[in-house]
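Student: pasting a predicted model and its sequence here:
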Amino acid sequence: MERRARRRSALEPICIPHPLIAAASLLILAACDASPEQDLVAKGRQIFFNETFQGNGRTCGTCHPAENNLTLDPAFIATLPPTDPLFVAEFNPDLKKNFENPRLMRQFGLILENLDGFADLEKKFVMRGVPHMLGLRTSVDSPQGPRTGWSGDGAPGDGSLRSFATGAVIQHFTKTLNRIPGQDFRLPTEEELDAIEAFSLSLGRQHDLALPLPLKGIVPKRGQEIFLDNSLGKCNRCHANAGATANFGAGSIGNANFNTGVENLPDQPADLSGELNPADDGFRTPGDGTFNTPPLVEAAETGPFFHNNAIETIEGAVAFYDGEAFNSSPAGKLLAAADPDGVGIELDGTQIVAIAAFLRVINALENIRQSVELLESSRSKGIAHRAEAKELITRSLNETQDSIRVLEGGGLHPEAVAHLREAQTFAKKAARSLFFRDRLTKQAIEEQNKARAQLVESS
Amino acid sequence: MLKLLAGVAVMGLWLGCLAQAHGQQMTEMYIPIGQSPGVSGKSSLMGAIESVNPQKHTLAVSGPSGIHEILLTDRTRIWLDRTQARLPNLTGTLANLHKGLKVEVKFRDADQKRVAEWIKVQVAESGAPARKP
């Protein structure tokens, strides 16, 4: 779920307004003033989820909804009303052709992008999934410059995360395919770009993990070993510490692009549909076939996987690296070249499931961390800020639901799941309670910590 | 072990050779002159075309700090900015560059300011030169 509160919560002032003492109230109000950084993040959040830029009705949140981990999948899309601006191509005659493919959107969560230009809208486009925006602070920088979007070249202007929104408005917010600024949309202002960037960077993790973690589960623990083993799983080479940066032994080289052969997968869902689905050549125009490395901590809750949503499950995504498409790709061959036996990645079923179990557990741990943070943050909200507290608790509930879904999906840690359900119960009561919110929230936090203790040794 | 090291070295070289990741998303063509985020007013050159040399694939642009000679390559994109005429922008060619037209140039190397990555030229309808004020 939406992770923007991490940095903010650390800076959150404790506000206990006293309605009877005017002077004290003034002091408290002063103490409640947010820092400039908090203000910018809050402004960015407001723009992200509400600003249509005078376009077709979409906001950034249309494709990056807070309640769905800032990404889209067919299950979430199925919950939206037909009037949702995501479906603008279905009800706006000017966007009926060559703007989206509603069938591929609804069935596979795919969005149309004209990454190789707008000269031939009929045939020249790619269909891509919506990347989540979690952990951007750890996953955009590279020595070659910032890498945004699935192929690392998603932004116009200087190519930065800040500039990304400008390209997104032109591509996705337009009222007509003429894409005339001031007529079909307005471009974000400099101030808006600053705010959206600040908000985007506040989402999710602000730091990479430091693996290995002292995991308790037998299978996830083995999964972590395989993940880190440069002669077996080799995952850690391109996803150092399960993040989005590569390290081949001489230090981090930042976020990198690779051609992993995803485009060569047989039986891709969008291809099977019979709809026109041109090959995606990745980075640059014409493309070099490479795509950007996403972080893995967030993976288990943000499928489908890869730029074309080709694989639905985290187990399937791990299994991809054992297959022909990867091992005959440039990245697979390079891994093989670095292997003493000339092997790329070769894993058996149990090992694939173990790595996926590890990814599920680190995702649940991240969700628990955020849930606790949100709950703690809600505790600092006085009666005057009850609505804010309730919103924080609701977001925590979403995180907890993700933890449960991710663990249960892998048949992992049923005791932890039981504690997470208890945490949900307390949090729900806390959200409703006028007088016992703090006590109930504390109990929810305790249950979260108990769940965490089932997954990992306490440090 | 040697093979491992060699492989890692190959990987390092391969990654080291990766081109600059800086943005080249095609939506740039719809951004009016002077509004490219992180580029306009920072590293681009804005001015008026002084002369065009189709044989040498060069362009002389008169900017705030004098006249710059700019080299166009096969990869240089030219866009016709028709925003003021409320018309959609178009892809252009060297033939659309004429003396006196307002242009913005983004350089492949912002420090050297020599080779153009893209050029936006302000034109009126149908790619014809915009009327001079």
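Tutor: Looks like it came in fine.
Student: name the SS class of the one residue sitting closest to the centre of chain B, please.
Tutor: Relative to the mean C-alpha position of chain B, the nearest C-alpha, by C-alpha atoms, centre = their mean, is the one of residue B:118, at 1.6 Å. For residue B:118, the assignment made with DSSP: H, G, I helix; E, B strand; the rest coil gives strand.
Student: how about the one 4 residues further on?
Tutor: When states are read from three-state DSSP, the local structure at residue B:122 comes out as strand.
Student: picking that back up, wait, isn't the residue nearest to the centre of chain B in contact with residue B:106?
Tutor: Yes: under the criterion of C-beta atoms under 8 Å, residue B:118 makes contact with residue B:106 at 5.1 Å. Where C-beta positions appear, they are placed from N, C-alpha and C, glycine not excepted.
Student: what sits closest to the residue nearest to the centre of chain B if chain neighbours are left out?
Tutor: residue B:77 (4.4 Å; C-beta to C-beta, 6 or more residues apart in numbering or on different chains).
Student: contacting residues for the one you found?
Tutor: For residue B:77, the contact set (C-beta atoms under 8 Å, 6 or more residues apart in numbering or on different chains) comprises B:28-29, B:91, B:117-119.
Student: can you check residue A:416 too?
Tutor: A:364, A:407, A:450-452, A:454-455.
Student: do residue A:154 as well
Tutor: Contacts for residue A:154 (C-beta under 8 Å, 6+ apart) come out as A:148, A:164, A:167, B:23, B:25.
Student: just among the residues you listed, which is most surrounded?
Tutor: When neighbours are counted as other C-beta atoms under 10 Å in any protein chain shown, the busiest of the contacts of residue A:154 turns out to be residue B:23, with 31 neighbours.
Student: picking that back up, how far away is the residue nearest to residue B:118 from residue A:385?
Tutor: Spatial separation of residue B:77 from residue A:385 under the definition C-beta to C-beta, to the nearest Å is 51 Å.
Student: same deal with residue A:159?
Tutor: 39 Å.
Student: pLDDT weak spots in chain B?
Tutor: Residues of chain B that meet the criterion pLDDT under 70 lie in B:1-24, B:126-133.
Student: related to what we said a few turns ago, the contacts of residue A:154 in helices, which ones?
Tutor: Judged by DSSP state H, the contacts of residue A:154 include A:164, A:167 as members of helices.
Student: how about CSV for the contacts of residue A:154, with distance to residue A:86 added?
Tutor: Listed next are the contacts of residue A:154 as CSV, based on distance: C-beta to C-beta, whole Å:
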residue, distance to residue A:86
A:148, 21
A:164, 19
A:167, 18
B:23, 25
B:25, 21
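Student: return the member of the contacts of residue A:154 nearest to residue A:440.
Tutor: residue A:164 (39.8 Å; C-beta to C-beta).
Student: I figured that closest one hits residue A:149, correct?
Tutor: Yes: the criterion here is C-beta under 8 Å, and residue A:164 meets it with residue A:149 at 7.2 Å.
Student: anything in contact with each of the two?
Tutor: residue A:155.
Student: can you map out the helices along the stretch 301-450 of chain A?
Tutor: A:314-320, A:324-327, A:330-337, A:349-379, A:386-409, A:414-432, A:437-455 (DSSP state H, counting those that start in this stretch).
Student: ok, now chain B?
Tutor: Using DSSP H, helices in chain B cover B:2-16.
Student: partners of the top strand by length along chain B in the sheet?
Tutor: The longest strand of chain B (DSSP state E) is strand B:45-53. Note on strand B:45-53: by DSSP bridges, its sheet partners are strand B:58-63 (antiparallel), strand B:102-107 (antiparallel).
Student: quick one, which of these is packed in tightest?
Tutor: Across the strands paired with strand B:45-53, averaging neighbours per residue (mean count of other C-beta atoms under 10 Å in any protein chain shown) puts strand B:102-107 on top, at a mean of 23.
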